[in-house]
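Novice: here are the coordinates; sequence isn't available:
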């Protein structure tokens, strides 16, 4: 078990330190789908208002100071040894970056 944790931590650290390419534009229809996913799928653990539940809060004040690259890596690769699943395969990097940006800025239900 310990080896898996170290590998997962190494992946997250590498993702956090590596420069991330500029995200491709996420179209308005996909933005709406991502907001739905955030409210319903992420909200099932992080709370429907994203104020926390099984998972920690996903509010701007809770995420202040956390590198966006690290948050994006968490979305894509999950958190080994925790309930956070990987979303890679459902989300691509550009979509994960868009979603993280929206969460950090404060989520409204209108696509931007």
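Specialist: That came in fine, so what should we check first? Just so it is clear, the model here is predicted, and its values are computed rather than measured. Numbering: from 1, shown residues only.

Novice: Next SSE downstream of the helix or strand of the chain with the lowest mean pLDDT?
Specialist: Ranked by mean pLDDT, DSSP states H and E, the helix or strand of the chain with the weakest confidence is helix 2-17, at a mean of 52. On the C-terminal side of helix 2-17, the closest following helix or strand by DSSP states H and E is helix 28-37.

Novice: and that following helix, what does it pack onto?
Specialist: Contacts defined by 3 or more C-beta pairs under 8 Å, 6 or more residues apart in numbering; DSSP states H and E place helix 28-37 against helix 93-105. For the C-beta atoms, the positions are set from N, CA and C on the backbone; glycine is no exception.

Novice: Quick one: mean pLDDT for the helix it packs on?
Specialist: Averaging pLDDT along helix 93-105 yields 96.

Novice: cool, and stretch 27-44?
Specialist: 95.

Novice: in it, what's buried?
Specialist: Across stretch 27-44, burial judged by 16 or more other C-beta atoms under 10 Å covers 30, 31, 34, 35, 37, 38, 39, 42, 43.

Novice: Could you double-check that residue 55 sits in contact with residue 78?
Specialist: No: contact criterion C-beta atoms under 8 Å: residue 55 and residue 78 do not qualify, at 11.3 Å.

Novice: Now for these two: what residues contact both?
Specialist: residue 84 (C-beta atoms under 8 Å, 6 or more residues apart in numbering).

Novice: Any idea how many residues pack against residue 97?
Specialist: 23 (other C-beta atoms under 10 Å).

Novice: how far away is it from residue 44?
Specialist: Distance of residue 97 to residue 44, given as C-beta to C-beta, to the nearest Å: 22 Å.
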